[in-house]
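**Q** pasting the sequence and the predicted coordinates here, then a few questions.
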Amino acid sequence: MKGKTENRSNQRFTYQSTIKHANYDTGFLFPAKMKDHCRDGMNFESEQKLAPGSEIFIRTDNTLPAPTEFEPNIAYRAKVVWCRQLTSDAPRRYSVGVQYLKE
């Protein structure tokens, strides 16, 4: 049986790091865990349910490996593409996929 293939324009890199995210209009930062990233998006886990289509800020920490597209402690603007509740033992955990927005 073949593994699931994804139609992506950029290579995705698996890397776990702490991040923070905020709703575009509130600025209140929530902790989250980045699971993977690429040039134009990111997947992270959060306790917050985020509505697809909403705009958020993401702040990375300074533990990202080099070379990377990220600059530490910079807020990036992104659009939530999808948000799925995880089925693990952890209640109210969501996997969130975002696409970076150009300024």
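**A** In hand now; what should we look at? Residues are numbered from 1 along each chain as shown.

**Q** okay, CA-based contacts and neighbour counts for the rest of this
**A** OK.

**Q** low-confidence ranges, the chain, go.
**A** 1-8, 62-74, 89-91, 103 (pLDDT under 70).

**Q** residue ranges for the strands of it, please.
**A** For the chain, strands defined by DSSP state E occupy the ranges 13-23, 29-38, 41-46, 55-60, 75-85, 94-100.

**Q** show me what the last one is packed up against.
**A** Using 3 or more C-alpha pairs under 8 Å, 6 or more residues apart in numbering; DSSP states H and E as the contact criterion, the elements in contact with strand 94-100 are strand 41-46, strand 75-85.

**Q** tabulate the ones you listed (JSON lines), appending mean neighbour count and distance to residue 17.
**A** Conversion of the helices and strands packed on strand 94-100 to JSON lines gives the following (neighbours: other C-alpha atoms under 10 Å; distance: least, C-alpha to C-alpha, whole Å):
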{"stretch": "strand 41-46", "mean neighbour count": "21", "distance to residue 17": "9"}
{"stretch": "strand 75-85", "mean neighbour count": "18", "distance to residue 17": "15"}
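
**Q** now these in a markdown table, with distance to residue 10?
**A** Converted to a markdown table, those look like this (distance: least, C-alpha to C-alpha, whole Å):
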| stretch | distance to residue 10 |
| --- | --- |
| strand 41-46 | 9 |
| strand 75-85 | 16 |
